[in-house]
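[1] Just the structure for this:
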Amino acid sequence: MDTVLRIGTRGSALALAQAEETRRRLIAAHPALAAPGAVEIQIVRTTGDRVQDRPLSEIGGKGLFTKEIEDGLLDGSLDIAVHSMKDMPTRLPDGLIIGALLPREDPRDALFARDTALTGPASLAALTPGAVVGTSSLRRQAQLLALRPDLQVVPFRGNVDTRLAKLDAGTVDATLLALAGLRRIGRADRVSAVLDPQEMLPAVAQGAIGIECREADDRIRALLAPIHDRDTGDRVAAERALLAALDGSCRTPIAALAELGPGDTLTLISRVALPDGSEMHEDRRGGHRSEAARLGTEAGEALRRRIGPRFLAG
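    Numbering: from 1, shown residues only. Next up is the predicted model:
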């Protein structure tokens, strides 16, 4: 390669692990990229990284983790950007696309709980009455309170180590994190329990790594094509189409999970809730994987017809 490939990423341990995974897969597909200096990982500090004292829903939503990186793509200082797809806004800036998706990790949520806050084997049901659960995810908050309205849910941000330190210090009795991220940074050993999607449906595209690039950059798109995972692509297409149909944001508790089955079938389960968990609506539908985006759109439209405007108030 006669041109350096510049990868933009956030600086967290998880973001860097995802960027390194992307680099490894690119080198495996294009051995010339193994040459010293052929691939550079550039850390970009985003607004979401700088502001840690308020919930994302109060300061602008998901785009806070992507804007500065996308600016680098648009001005040509970066060639690709590596993102957790659950952090990606529904609509990308003009001129940018997701050029590839890597194989999806386990999309489920994991529970971390102090032993003193459990009445039995670790589970949401075993949390002591009135236990304090830390999370800044309205999706998790809504589903938690729908299951256990007696729990106290408090805002809780920071990286994995920060959150676990607060848990150990007794700031909260329990917290929830994405299992995929924990596995990617080798921290899944402390998980108290992995939650069944039936009780805690994941965020849209949770566990999927997306690689963003310029739509008109044929060289980069050709480099990315061999590392795209079709199964992940179809699952994420259904979930993000649902999100687009609902016009969802960080201020709207929306959850979804698409799974592939025998005969190239795809099943999509989706939920919309009020943040206090007092009302929740679910949609289940299936079809052929080639109809993934249509299934997501239809699910979103069906849910929108069933819910009132207060669900999607911005």
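[2] Would you mind giving the secondary structure of the spatially most central residue of the chain?
    Centroid-nearest residue in the chain, with CA atoms, centre = their mean: residue 86, separated by 2.3 Å. At residue 86 the chain is in helix, as set by DSSP: H, G, I helix; E, B strand; the rest coil.
[3] Likewise for the one 3 residues further on?
    Three states are possible here, and by three-state DSSP the one that applies to residue 89 is coil.
[4] from memory it sits against residue 66, does it?
    Yes - taking contacts as CB atoms under 8 Å, residue 89 lies within contact range of residue 66: 6.8 Å. Glycine gets a C-beta too; all of them are placed from N, C-alpha and C.
[5] neighbour count winner among those two?
    More neighbours surround residue 66 than the other of residue 89 and residue 66, with 26 against 18 (other CB atoms under 10 Å).
[6] Distance of that one relative to residue 92?
    9 Å (CB to CB, to the nearest Å).
[7] go on, residue 167?
    Distance from residue 167 to residue 92, by CB to CB: 35 Å.
[8] Those two: who's more crowded?
    More neighbours surround residue 167 than the other of residue 167 and residue 92, with 20 against 16 (other CB under 10 Å).
[9] shouldn't that one be in contact with residue 133?
    No - contact criterion CB under 8 Å: residue 167 and residue 133 do not qualify, at 10.2 Å.
[10] intersection of neighbour lists for the two?
    Counting by CB atoms under 8 Å, 6 or more residues apart in numbering, the common neighbours of residue 167 and residue 133 are 174-175.
[11] Show me the helices in the stretch 101-250 of the chain, by range?
    138-147, 160-168, 179-184, 218-224, 230-246 (DSSP state H, counting those that start in this stretch).
[12] Lowest average pLDDT across those helices?
    Here the lowest mean pLDDT among those goes to helix 160-168, at a mean of 92.
[13] What is that one packed up against?
    strand 109-113, strand 132-134, strand 174-178 (3 or more CB pairs under 8 Å, 6 or more residues apart in numbering; DSSP states H and E).
[14] repeat that for 6 Å
    Other helices and strands packing on helix 160-168, by 3 or more CB pairs under 6 Å, 6 or more residues apart in numbering; DSSP states H and E, are absent; none qualifies.
[15] Alright, that wraps it up for me.
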